[in-house]
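>>> Can you look at this prediction? I've put the sequence above it.
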Amino acid sequence: MSQDHPSANPVHGQGHDHGQAHDHSELGEMDLRVRALESVLTQKGYIAPAALDALIDTYQTRIGPRNGARVVARAWVDPAFHDWLMADATAAIASLGYTGRQGEHMVAVENTDAQHHMVVCTLCSCYPWPVLGLPPAWYKSAPYRSRAVKDPRGVLADFGTTLPETTRIRVWDSTAEVRYLVIPQRPAGTEGWSEDALAALVSRDSMIGTRLVEAPAARSRA
């Protein structure tokens, strides 16, 4: 479901089926509790350290925004893949190996000069795990879920994103049935860049639609 803005009618959610880094040398209270619990469960044989390591590795290196960034970069450099992605995002994304729970039914929406897309889940935190990993805390917060549909320009401003008044903003309501991936605009000055270099520019927030992709002036084009 989506809603164009400006509008007086906010998005109404559909059926859902659920559910600053600091450089400290000492562990916080919560970290200590987690480690103590992990030790006890390991000693009792309830969990296996190797299984925990594999789970952590999965979310750090195999599932997360880097997957979505590769989808975006491929769409930027491969017209055929771009067309496939816009026509059938689920299949196109799966062709790159990114499938699984919370990504069964994907829709790609593309930002242009005329229209900007932003994603929210108005009732909870539906989110495309295979391409973006776990949702950030702000995505699940009540203020974001409420303001994204009532004041999308204000929310974008909070993220430091300012769009021309002529750019129409469309807000998509992610649900248990459908999840969205925003394809941000490719920044100027990146002609001839490799797919890897382009993917490195794409952030999680740009694929939710709260930020733009900007090319560093001195970035290597290797």
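Cool, the structure landed. Residues are numbered from 1 along each chain as shown.
>>> what are the ranges of the strands in this protein?
Remark: strands assigned in the chain by DSSP state E are 2-5, 106-110, 115-120, 168-173, 179-183.
>>> Could you point out which of these sits nearest R153?
strand 168-173 (6.6 Å; CB to CB). From N, CA and C alone the C-beta is placed, and that goes for glycine too.
>>> That closest one pairs with which strands?
As defined by DSSP bridges, the strand partners of strand 168-173 come to strand 2-5 (antiparallel), strand 115-120 (parallel).
>>> Using PDB, list the CA coordinates for it.
This file holds the C-alpha atoms of strand 168-173, laid out as PDB (Å, rounded to 0.1, in the frame of the first residue of the first chain):
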ATOM      1  CA  ARG A 168       6.700  14.200  -5.200                       C
ATOM      2  CA  ILE A 169       7.100  11.900  -2.200                       C
ATOM      3  CA  ARG A 170       5.400   8.500  -2.100                       C
ATOM      4  CA  VAL A 171       5.300   6.500   1.100                       C
ATOM      5  CA  TRP A 172       4.900   2.700   0.900                       C
ATOM      6  CA  ASP A 173       3.500   0.800   3.800                       C
END
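>>> Buried residues in that strand, which are they?
Buried positions in strand 168-173, judged by neighbour count with 16 or more other CB atoms under 10 Å: 169-173.
>>> gap between it and the chain center?
Centroid displacement of strand 168-173 relative to its chain, using CA atoms, centre = their mean, to the nearest Å, is 15 Å.
>>> and it with strand 179-183, angle?
Counting by axes from the mean of the first three to the mean of the last three CA atoms, to 10 degrees, strand 168-173 points 150 degrees away from the direction of strand 179-183.
>>> Run the angle between strand 168-173 and strand 106-110 for me.
Using the same axes, to 10 degrees: strand 168-173 against strand 106-110 is 170 degrees.
>>> Kind regards, and thank you for your time.
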